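Visitor: need a structure here:
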Amino acid sequence: MILVFKHFFYKNYVGLSLWPFIILKNPSLREDEVLINHEKIHLVQQAELLILPFYFFYFTEYLIRIIWYLDTYKAYQNISFEREAYIHEHNLDYIKSRRPLSFIKYLWRS
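Guide: Presented below is the predicted three-dimensional model:
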């Protein structure tokens, strides 16, 4: 289910997934297939980790990467869940062929 809340976002962020919702900054983004696919990849990641563990791993990895990079944006870009979603967001069929726990291979690759 896609929801729109324009005051929910920080800086230039325009979408996020909070199981089972995709939340967008404005209604026109519903037409952005790449953004929607990116967020759907996150929904699959959340579901396969049974939701709450996903958030625990996501924020733990984010904190570790902040310490590693000393840069919050670079840390965000290198979270394994984000790397998988960004790399495959243009492949609108990716979810159909995606193997479970595919984000793991992005933990160590740069």
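
Visitor: Just the mean pLDDT for stretch 50-68, thanks.
Guide: For stretch 50-68, mean pLDDT rounds to 98.

Visitor: quick check: longest helix of the chain.
Guide: Ranked by number of residues, the top helix in the chain under DSSP state H is helix 52-69.

Visitor: what's the offset of it from the middle of its chain?
Guide: On the basis of CA atoms, centre = their mean, to the nearest Å, helix 52-69 sits 13 Å off its chain's mean C-alpha point.

Visitor: just checking, what packs against the helix or strand following it?
Guide: Moving toward the C-terminus from helix 52-69, the next helix or strand (DSSP states H and E) is helix 72-77. Packing contacts for helix 72-77, counted by 3 or more CB pairs under 8 Å, 6 or more residues apart in numbering; DSSP states H and E, involve helix 52-69, helix 80-88. In short, each C-beta sits where N, CA and C put it, glycine included.

Visitor: The longest one packs against which elements?
Guide: In this structure, helix 52-69 packs against helix 33-48, helix 72-77, helix 80-88, with contacts taken as 3+ CB pairs under 8 Å, 6+ apart.

Visitor: ok, and what's touching that helix?
Guide: Applying CB atoms under 8 Å, 6 or more residues apart in numbering, the contact partners of helix 52-69 are 19, 45-46, 49, 72, 74-76, 78-81, 107.

Visitor: Can you pick out the most distant pair from these?
Guide: W19 and K74 (26.2 Å; CB to CB).

Visitor: who has more neighbours, the two?
Guide: With neighbours defined as other CB atoms under 10 Å, W19 and K74 compare such that W19 has more, 16 against 12.

Visitor: Tell me the pLDDT of that one.
Guide: At W19, pLDDT is 97.

Visitor: re earlier: okay if I get the helices and strands packed on helix 52-69 as a markdown table plus distance to P27?
Guide: A markdown table is the format used below for the helices and strands packed on helix 52-69 (distance: least, CB to CB, whole Å):
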| stretch | distance to P27 |
| --- | --- |
| helix 33-48 | 13 |
| helix 72-77 | 25 |
| helix 80-88 | 22 |
